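Student: When you get a sec, could you give me coordinates for this:
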Amino acid sequence: SVAFAVNGGMYDTGSEPIGYYAGDGKRPYPINTRDAGGNFYLKPNGVFFGDADGQWQVMTSDDFAAKVTARPTFGTQSGPMLLIGGKLHPDIAPDGTSLKIRNAVGVDAQGRAHFVISDEPVSFGTLAALMRDHAGASDALFLDGTVSALWDPANGRMDGRYPLGPLILVTHRSPD
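Tutor: Below you'll find the predicted structure:
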């Protein structure tokens, strides 16, 4: 059953991913290394990925392109990275003035993914500190901003402000 769903990365006007995306055994969208404006292109950006065994990773897009040779079951590219090896992205201020509803994913030392969405506008730095200090993530990736949305069936929450692109759907594990 569905535990929750969040929007999982940047997308174009047709709601298609603008970067790497893999799911259901397919990899229809390649890694995007272009330079342009906007959050996605604030380098380094990154990829959140993993397989059904529950071992998740976040790494910079350059590292992903250079080091990941086996196709993951799931992966989504977004940006910017919030944390890289426990340090704040070099172009993000700890107390930045750009405040928006935002969501992100970080991975702890055990390979567990931690998702967060803000209920109030926050800065990139605040979101990064939350991932590091409360989720124990050393690597974290910004997923989306103003349009960030959560579907949390257990608590009756279904944000629906805007059309979305890539989604991350998390399910409960079946008991073995």
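Student: quick one: least confident helix or strand in the protein?
Tutor: Of the helices and strands making up the chain, the lowest-confidence element is strand 26-29, at a mean of 77, by mean pLDDT, DSSP states H and E.
Student: List of residues touching that one?
Tutor: 16-22, 71, 75, 77 (C-beta atoms under 8 Å, 6 or more residues apart in numbering). C-beta coordinates here come from the backbone N, C-alpha and C atoms, glycine included.
Student: Please list all residues in contact with the spatially most central residue of the chain.
Tutor: Nearest to the geometric centre of the chain sits Leu143, at 3.7 Å (C-alpha atoms, centre = their mean). Leu143 sits next to 6-9, 48, 76, 78, 102-105, 168 when contact means C-beta under 8 Å, 6+ apart.
Student: what's the farthest-apart pair in those residues?
Tutor: The most widely separated members of these, counting by C-beta to C-beta, are Thr76 and Arg102 (15.7 Å).
Student: residue boundaries of the helices in this protein?
Tutor: 61-67, 124-133 (DSSP state H).
Student: Turn those into TSV, columns for distance to Phe40 and mean pLDDT.
Tutor: Output for the helices of the chain, formatted as TSV (distance: least, C-beta to C-beta, whole Å; pLDDT from 0 to 100):
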stretch	distance to Phe40	mean pLDDT
helix 61-67	10	96
helix 124-133	13	96
